[in-house]
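J.: below is the sequence, then the predicted model.
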Amino acid sequence: MDYTLREMMTVVAAREIKNDDIVFCGTGISMLAAMAAKSINAPDCVIFFETGAIDAALEEIPMAVADSRVMYHTASSGGLLDAFATMQNPTTGQKVIGILGAAQIDIFGNLNSTVIGDYFAPKTRFSGSGGGCDVASFVPRSMIFMQHEKRKFVKQLDYLTSPGHLDGPDGRRKAGLPAGGPELVITNMAVMRFDDTTKQMYLDGVYPGIEPQAVLDQMQFSVDISRAREVLPPSAGELAILREKCDPQRLIL
Amino acid sequence: MDYTLREMMTVVAAREIKNDDIVFCGTGISMLAAMAAKSINAPDCVIFFETGAIDAALEEIPMAVADSRVMYHTASSGGLLDAFATMQNPTTGQKVIGILGAAQIDIFGNLNSTVIGDYFAPKTRFSGSGGGCDVASFVPRSMIFMQHEKRKFVKQLDYLTSPGHLDGPDGRRKAGLPAGGPELVITNMAVMRFDDTTKQMYLDGVYPGIEPQAVLDQMQFSVDISRAREVLPPSAGELAILREKCDPQRLIL
Amino acid sequence: MSKLAKDKVMPLEAAVKTYVHDGCHMAIGGFTINRNPMAAVYTIIRAGIKNLHLYVHSNGQAVDELIGAGCVAKVEIAYGGSGKFAATCIRFRKAIEAGLLQVEDYSNYQMTLRFLAGAMGVPFLPTRSSLGSDIVDKWGFSEGLRRSDPKLPNRKLTVLDNPFEDWGNTEKVVLVPAITPDVTLLHVQQADRAGNCRIDGLSFADVEQAKASKHLVVTCEALMEGDALHENAHHNQIPFIHVDAVVHVPFGAYPTACYQHYDYDPAYLKAYAVAAKDDEKYKDYLDTYVYGVADHQTLIERIGTERMDGIKADPRTGYAANLDRR
Amino acid sequence: MSKLAKDKVMPLEAAVKTYVHDGCHMAIGGFTINRNPMAAVYTIIRAGIKNLHLYVHSNGQAVDELIGAGCVAKVEIAYGGSGKFAATCIRFRKAIEAGLLQVEDYSNYQMTLRFLAGAMGVPFLPTRSSLGSDIVDKWGFSEGLRRSDPKLPNRKLTVLDNPFEDWGNTEKVVLVPAITPDVTLLHVQQADRAGNCRIDGLSFADVEQAKASKHLVVTCEALMEGDALHENAHHNQIPFIHVDAVVHVPFGAYPTACYQHYDYDPAYLKAYAVAAKDDEKYKDYLDTYVYGVADHQTLIERIGTERMDGIKADPRTGYAANLDRR
């Protein structure tokens, strides 16, 4: 079966989404993952955007979370206050799974999407938090899309935009955050999860044909690779839905 | 000219309302005063209810601030959050004039609409603050309707529901409230205002045929009566509008 | 049932039985004499539920009937009144004066902020309202009571010096604690089977009450089938993800009003006020109009077509124009 | 003009001249590539206004064009991006990397709460967002800068221990300070002459931005005459009492989208992204599309009927279905 790594990443993410989840999506591959989940394994999951759209019926892939395509056939179309309250709310928030991305990630799943270099004189400026910090702060489960590159899996973030497990198992509690934090990181090579005890990243799965050591070579920090198994590639059915239904114009894929 | 004291009170209140005012109304005579102002002297004033109705077109007098009659032909129909934010907001709030009523008032215009007797074992229980405390806290100007009775103009409130000038000229500032407070009290006998320097009530006007001393006899505390003048009675035109246009069923009058 | 279920329609008795229990903390939507969830309230009374802890801002008819029927032990409230029909709710007043009801007083904005805080998932929200008043100083619920009930915050409220110095020309604010009721009851004009809700006219604090609550029971005038409420969904105030039960109850707010559907019934509210003043008459009222009818439909039938036609809303204004309200 | 005036319609140039000044603190509505007040933004650029202090949550095109044209000195922002067209806004990025723009970073929810606080008239609002992050620890604006500008709060934010102990299972919260801009610019689908506004689809944080602001300039697709917006007024989000100027500007959000009217223009946004990467090309872009047109109407004419027809919204979905967006 021929598939791209981007298709693989999308399908891996989609499989994590359950029927009783409210899925927070950002722009790009995370939307595609949610659309795929809705078509493949979790038809009743609720797709939801920080812009205020709840249960959007995505007939076309949006190019931004404010795209008019997220406003069509929703359960309600409010604003940012509604959306973030839904995540911070102790009842509805517990159902939300966040999908995030970043420029840098550390071993505890903390994210940087603000700057590379000194915050006060940055070498590279990125978009900033957006809703990323909010989602990462509020929700009990999240997954993170990353490109597996040494400059992105760093020992020390240049700026901590979105809290993961902070400095370890007690990090979020000490900071005053609700329990939760990232569950997995999906890259173009592998799937990383966080150890229940240490809250440190470990290699959970590698894509067919990729060696665990090759994954480690793309990271500044070392992680446990002893639990790594091979990740099941996308099925023909999954790929067909992705390509024909979710993103026929291949705007994201 | 024949008129009732209630008509007199309504017209006195209406005359205080200016074209550039946003008028906060409670149930009863305060609504009628706002309707009268809109028909007589301030056609462009905005009638506004704590329930969220802004610029309601009152074709019939409402029996409560939640009456569907306040929902007709508004500029917007939101909820309580919208209404109170409009009053606490430093820009729009400065335009609001509140109209209040109470079971007890003291010399600084503080109001009790909660209990008579001990708060923890009340002799008489009233409705409670509603939006009264909010309006009294937020807005720069308010007027108060009262029946002139000794048990209502008291030396010491049984419960301070809505702040007036608190304990004097510096009272609101010390408490942390915005500047403002009550401007006048309209009763079935007289109009009382608050001295610029002391913030204590004084007799500003008496209705035709009423002696200043008779007003004092209906109060537990004494006030300056030296500035009292006779209040102009309602004109034939004012009465006609009140009776024929504002309250033809005489639900309030 | 999951809050994400697509069909939450159930009978009112089942919804009450599932979500309203003795001693539970309950909020009710509406305001004084408009859009009170009366059908749900009567069902609670008929079910004999006791010791409720009520949260309301300015409620009238629903609060008074629950108190009058002996369902309520404690209430946190800003205003108990039914407009011109009862400037202070009569059974509410009697119960407090008789020492039968514990009350904690707030202002309307404070109660609304407390629901909003619950909906937002923050422990408190700030306002300048009530500084210098007895709302700050006098606590209806003692610290002992508060400590004994894990569902209550440790403080009624707290005054905080502005941590941003005089930012906003504000030296101090009152922080009011969040409410997260066990269940909220609302009556709305339109809902669909999943629970998406559309409220016409004023929404009062219904949306905040709904979202603050652990469970939400919605009664509706019109049960909208299929995708109807997904058209112009920016007119929906409550998405289905907050809702646990949907019940189709035409006239579900009667005898209070429901904008664009029907007005309040002045005859009912006046007769209620007369009965409420006298314990004997009040018992008769309950026996006839609450215990004496099987359900809300039966009450509406007992009131009769003529009276119900009389309060029918005029489509232009949304209320019954020229209704005799004297 | 009084905010209670009944007719606030004026030309866009006059509205900008009256309410937008060098160095003023300004907020803009919309989000990334939707309902940005582009006509107003281009008018500001053409008017040569400088040193603006901008407040936005997630803005894309409007922010980038204002920065690119050199109008902005400082920005308080959560996200500068135009979706897939520019994951990070390009002129925004260049200006920061060149040290030409001072930035204070917040999250989207924090910026929204800051506008809400301004609208509510409270000095701050609480959230649990950003605890443990550098948003708390790193301040883009120094204390010195903050002290020197009376329009800035003394602190970026502050962390407060929950005064209600563990109420809401929350030990601490972040308090973010209110924003009260001198002026906010919005583009809405419908407004009337007094300024009542109706937004279709998502409202983002436009309503809070509007109500937080000392002055409010609204551009609209449709100028509704007479009483039209008083029908079903519960669909209006902004009552006229907040509004200072109303300007009728069809396609006023172009090249960003306006739900139920038109989509974003992928060709424009892609060409913009290409130009923005190169200073020379960017100068050409500004000369041709901003300085080179007299007003928004002329820009729309220059884009041409064919392209404008191509982005026309499909009435069923509210966007241009099957638009080529590659």
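T.: All right, it came through fine. Residues are numbered from 1 along each chain as shown, chains lettered A, B, ... in the order given.

J.: what's the neighbour count on C:D206?
T.: C:D206 has 28 neighbours, counted by other CB atoms under 10 Å in any protein chain shown. Every C-beta, even on glycine, is put in place using the N, C-alpha and C of the backbone.

J.: cool, C:D279 as well?
T.: 12.

J.: A:I54 contacts A:F48, correct?
T.: Yes: applying CB atoms under 8 Å, one finds A:I54 in contact with A:F48, separated by 5.2 Å.

J.: got any residues that touch both of those two?
T.: A:A83, A:T86 (CB atoms under 8 Å, 6 or more residues apart in numbering or on different chains).

J.: tell me which of those two has more neighbours.
T.: Higher neighbour count among A:I54 and A:F48: A:F48, with 31 against 26, using other CB under 10 Å.

J.: who does that one form a beta bridge with?
T.: Counting by DSSP bridges, A:F48 forms beta bridges with A:F24, A:I54.

J.: residues in contact with it?
T.: Going by CB under 8 Å, 6+ apart, A:F48 touches A:I22, A:V23, A:F24, A:C25, A:I54, A:D55, A:A56, A:A83, A:T86, A:V96.

J.: try it again with 6 Å
T.: Applying CB atoms under 6 Å, 6 or more residues apart in numbering or on different chains, we find A:F48 in contact with A:I22, A:F24, A:I54.

J.: and the pLDDT at it?
T.: pLDDT recorded at A:F48 is 94.

J.: next: A:G28.
T.: We have a pLDDT of 89 for A:G28.

J.: cool, and A:M1?
T.: pLDDT recorded at A:M1 is 68.

J.: how about the helices of the stretch 1-150 of chain A, start to end?
T.: Per DSSP state H, counting those that start in this stretch, the stretch 1-150 of chain A carries helices over the ranges A:5-16, A:29-40, A:80-88, A:132-138.

J.: now the stretch 151-300 of chain C
T.: For the stretch 151-300 of chain C, the helices defined by DSSP H, counting those that start in this stretch cover C:206-212, C:266-276, C:279-285, C:296-303.

J.: deepest-packed of those, please.
T.: Burial of the helices of the stretch 151-300 of chain C is given as mean neighbour count (mean count of other CB atoms under 10 Å in any protein chain shown); helix C:206-212 ranks first at a mean of 28.

J.: may I have that helix as PDB, with CA atoms only?
T.: The C-alpha atoms that make up helix C:206-212 are tabulated as PDB, following Å, rounded to 0.1, in the frame of the first residue of the first chain:
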ATOM      1  CA  ASP C 206     -30.400  31.000  31.000                       C
ATOM      2  CA  VAL C 207     -27.300  30.300  28.900                       C
ATOM      3  CA  GLU C 208     -24.900  30.800  31.800                       C
ATOM      4  CA  GLN C 209     -27.100  28.700  34.100                       C
ATOM      5  CA  ALA C 210     -27.200  26.000  31.500                       C
ATOM      6  CA  LYS C 211     -23.500  25.900  31.000                       C
ATOM      7  CA  ALA C 212     -22.600  26.100  34.700                       C
END
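
J.: what's the spacing between that helix and its chain's center?
T.: Distance of helix C:206-212 from its chain centroid, counting by CA atoms, centre = their mean, to the nearest Å, is 10 Å.

J.: and that helix, average pLDDT?
T.: Helix C:206-212 carries an average pLDDT of 98.

J.: now tabulate the helices of the stretch 1-150 of chain A in JSON lines and tack on mean neighbour count.
T.: Formatted as JSON lines, the helices of the stretch 1-150 of chain A follow (neighbours: other CB atoms under 10 Å in any protein chain shown):
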{"stretch": "helix A:5-16", "mean neighbour count": "22"}
{"stretch": "helix A:29-40", "mean neighbour count": "25"}
{"stretch": "helix A:80-88", "mean neighbour count": "26"}
{"stretch": "helix A:132-138", "mean neighbour count": "31"}
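
J.: let's have those helices in JSON lines, adding distance to chain B.
T.: Converted to JSON lines, the helices of the stretch 1-150 of chain A look like this (distance: least, CB to the nearest CB, whole Å):
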{"stretch": "helix A:5-16", "distance to chain B": "37"}
{"stretch": "helix A:29-40", "distance to chain B": "31"}
{"stretch": "helix A:80-88", "distance to chain B": "10"}
{"stretch": "helix A:132-138", "distance to chain B": "21"}
